[in-house]
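Asks: The amino acid sequence is not available; the structure is as follows:
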Ligand SMILES: CC(C)=CCC/C(C)=C/CC/C(C)=C/CC/C(C)=C/[C@@H]1[C@@H](COP(=O)(O)OP(=O)(O)O)[C@]1(C)CC/C=C(\C)CC/C=C(\C)CCC=C(C)C
């Protein structure tokens, strides 16, 4: 005989331990809350029902198959109310993890409120006026004639779909009436159907009555199961079906049915006698069909940001999977804003009558203005949008990156890192805006064209463009993964190279300093990889001071004229060595980030450092195409770092 507790020990605990191990680096507060909530709901909702069914002998537990009972319900059944949510939540998390938005976007967006900002009265939320136009979230434009407004995206209600569940409830009620031989009259209508099932309608009737209101209500509220959700539900349910029906451990030869194996028994007198699979009563399918509903918040702009990430960076596209959703959403929003602003400046085509440099400066000013306005207490969309629209070459996709950033990031990350990044863009602008012809560049005026003259210049630049991002990542981790004081308002100097030092090991100032070192390290790898490519647009980030002569600088800028053939090794390897040192000195700080951000930070750095490995494998030689690292190699590096 297979005892009920053995079912848990053999069939529920092992998959829970395995999935828990895989998901361990990301298992956080939210998951604990989900499990507690679902177990609690399962317990309080099911206990009275289960007691009633047991009192009616809907199913029974043969003597010796259970440890003991709380009222009529076996202790093991109570354990099941907890273990089943754990198993299904873990499965659901793993299956849906790769999705940025945990559910599909409904076709229609519901505009719920408008916020009118009155200088005297502050913010006032009012209902949307009849006839005012919809808000176009993607374009970030506000077509309603109001000073400003906030939009809330909600799941569309699904009253029609929920009717199916109301129907199930009615069927359930009819079966219960039939089973108990009740005769009810409403408005003269006799409700007993007289199906001739008698007590056999009992189990199905009560199961339907038990489950339909819950699923019906969730469906009405807008719940929809995604493709991945169906997979998680299907596999979880299939596993439980198998557990319920197959007693592997008990009898390998005959594979007797677990229900009949003695753990529990559904009374034939109270069930319909229809079997879906291997003597599994039809009612069982309903009972396990709760699945897991996950609360979620979504923004359409994130989809565009994900596309930008997919196109923009293989390393970060791989590394993003190592972060939990709450932090990943912020990372993707920051990435797309950085990528978009960087491209807007780099790829700018100036309008007639403007020089390249003027046009870039103008674009950067507008980006800064928009950034600063986004950090206002009540950022007025009516001010933000025209500022954004005034930036040249904006498309609906770039607008969505700005819109997403300004609606999400100011609550999570201080403005300073982004101002620093703008400072980095400004350094880039000091490079010639057009590739310079060899004849125009004299050895003696090189210095005027190239802003990175010393190692300090290089490290300051790397700190501006990447140290800043690293610090933003720390702030994002603290705001999304911890409950302690609001990191958005904690103060750090704007320029952080050289690092102020003196911060106590383990505190936030120290973590930020170390993260900036890691950011600089990544940027040095990036520079080493792109030496040849950057030179084609007259950008040279290798400090001038590290060249033996001015003609060696010209060799890098004009490799075709270099004699003998140019080797990049003397420049790339020292950059990588310095990057390695910075990495070694800063790595330890990752272990002081919030627990569920550590695996992601490690994966991000490791997957990026695969580029350095690849350059070393090529003995420091790079070319204009950059250095290709296969996705598998990156994924493997990220996975090792994640589960370290
Ligand atoms: C997982 C995920 C979605 C991460 C996104 C991270 C992010 C927000 C990156 C910003 C990227 C960006 C476009 C910045 C603009 C300036 C720039 C070009 C910086 C260079 C990045 C490379 O980006 P690129 O698009 O060129 O990518 P490819 O090389 O083509 O693949 C940089 C090299 C900077 C990257 C620096 C970081 C992401 C910071 C790393 C910091 C940590 C891992 C935190 C460590 C923490 C501690 C405590 C030590």
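Replies: Yep, that arrived. Because the structure is predicted, anything quoted here is derived from the model rather than measured.

Asks: where does the chain dip in pLDDT?
Replies: 103, 105-156, 184-195, 244-300, 378-381, 437-444, 485-493 (pLDDT under 70).

Asks: Can you pull the residues of it lying near the ligand?
Replies: Where the chain comes near the ligand, counting by CB under 6 Å from any ligand atom, the residues are 309, 312-316, 319-320, 323, 331-332, 334-335, 338-339, 342, 465-466, 469-470, 473-474, 511, 514-515, 518-519, 522-523, 526, 586, 589-590, 593, 601, 604-605. The C-beta positions use only the backbone N, C-alpha and C, and glycine is treated the same way.

Asks: quick one, helices of the stretch 151-300 of the chain?
Replies: 159-179, 202-221, 227-245, 282-287 (DSSP state H, counting those that start in this stretch).

Asks: Residue 557 touches residue 534, doesn't it?
Replies: No: the pair residue 557 / residue 534 is not scored as a contact, 9.7 Å apart, by CB atoms under 8 Å.

Asks: Could you name every residue contacting both of those two?
Replies: Counting by CB atoms under 8 Å, 6 or more residues apart in numbering, the residues touching both residue 557 and residue 534 are residue 540.

Asks: Neighbour count: those two, which is higher?
Replies: Neighbour count, other CB atoms under 10 Å: between residue 557 and residue 534, residue 557 has more, with 23 against 19.

Asks: dump the residue contacts of the closest residue to that one other than its chain neighbours.
Replies: Using CB to CB, 6 or more residues apart in numbering and skipping residues adjacent in sequence, the residue nearest residue 557 is residue 535, 5.2 Å away. For residue 535, the contacting residues are 556-557, 559, by CB under 8 Å, 6+ apart.

Asks: Just these: which are in helices?
Replies: Among these, the members found in helices (DSSP state H) are 556-557.

Asks: follow-up on the earlier one: now, of the helices of the stretch 151-300 of the chain, which is deepest in the fold?
Replies: Most buried of the helices of the stretch 151-300 of the chain by mean neighbour count (mean count of other CB atoms under 10 Å) is helix 202-221; its value is a mean of 20.

Asks: phi, psi of the residue lying closest to residue 366 once chain neighbours are set aside?
Replies: Among residues not flanking residue 366 along the chain, residue 391 sits closest, at 4.7 Å (CB to CB, 6+ apart). The phi/psi pair for residue 391 (degrees, to the nearest 10) reads phi -80, psi 140.

Asks: what about residue 642, distance to the ligand?
Replies: Here residue 642 is placed at a distance of 12 Å from the ligand (CB to the nearest ligand atom, to the nearest Å).

Asks: got it, and residue 7?
Replies: Distance of residue 7 to the ligand, given as CB to the nearest ligand atom: 41 Å.

Asks: okay but that residue is in contact with residue 243, surely?
Replies: Yes: using CB under 8 Å, residue 7 is in contact with residue 243, at 6.1 Å.

Asks: Run through the neighbouring helices and strands of the helix or strand containing residue 524.
Replies: Following DSSP states H and E, one finds residue 524 within helix 508-529. Packing partners of helix 508-529 (3 or more CB pairs under 8 Å, 6 or more residues apart in numbering; DSSP states H and E): helix 455-462, helix 468-481, helix 569-590, helix 595-617.

Asks: Just name the most buried of those.
Replies: Each of the helices and strands packed on helix 508-529 was scored by mean neighbour count; the highest is helix 468-481, a mean of 25, by mean count of other CB under 10 Å.

Asks: Name the residues that touch it?
Replies: For helix 468-481, using CB under 8 Å, 6+ apart, the contacting residues are 28-29, 324, 326-327, 330-331, 334, 338, 411-414, 416-418, 420-421, 424, 484, 486-488, 492, 496, 508, 511-512, 515-516, 518-519, 522, 593-597, 601.

Asks: Of the residues you listed, grab the buried ones for PyMOL.
Replies: Buried residues among the contacts of helix 468-481 (16 or more other CB atoms under 10 Å), as a PyMOL selection:
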select buried, resi 28+324+326+327+330+331+334+338+412+413+414+416+417+418+420+421+424+487+488+492+496+508+511+512+515+516+518+519+522+593+594+595+596+597+601
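
Asks: Report the closest residue of the stretch 51-200 of the chain relative to the ligand.
Replies: Closest residue of the stretch 51-200 of the chain to the ligand, CB to the nearest ligand atom: residue 100 (9.8 Å).

Asks: pretty sure that residue is touching residue 327, no?
Replies: No: counting by CB under 8 Å, residue 100 does not reach residue 327; the two are 11.3 Å apart.

Asks: quick one on the thing from earlier: could you dump the helices and strands packed on helix 508-529 into JSON lines with distance to residue 50 added?
Replies: Shown next, in JSON lines, are the helices and strands packed on helix 508-529 (distance: least, CB to CB, whole Å):
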{"stretch": "helix 455-462", "distance to residue 50": "62"}
{"stretch": "helix 468-481", "distance to residue 50": "37"}
{"stretch": "helix 569-590", "distance to residue 50": "47"}
{"stretch": "helix 595-617", "distance to residue 50": "35"}
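
Asks: Go through the ones you listed and name the closest to residue 81.
Replies: The minimum distance between residue 81 and the helices and strands packed on helix 508-529 falls on helix 595-617, with 26.4 Å, by CB to CB.

Asks: Only the buried residues of the helix ranked longest in the chain, if you could.
Replies: Ranked by number of residues, the top helix in the chain under DSSP H is helix 29-55. For helix 29-55, a neighbour-count test (16+ other CB under 10 Å) marks 30-31, 34-35, 38-39, 42-43, 45-47, 50, 53-54 as buried.
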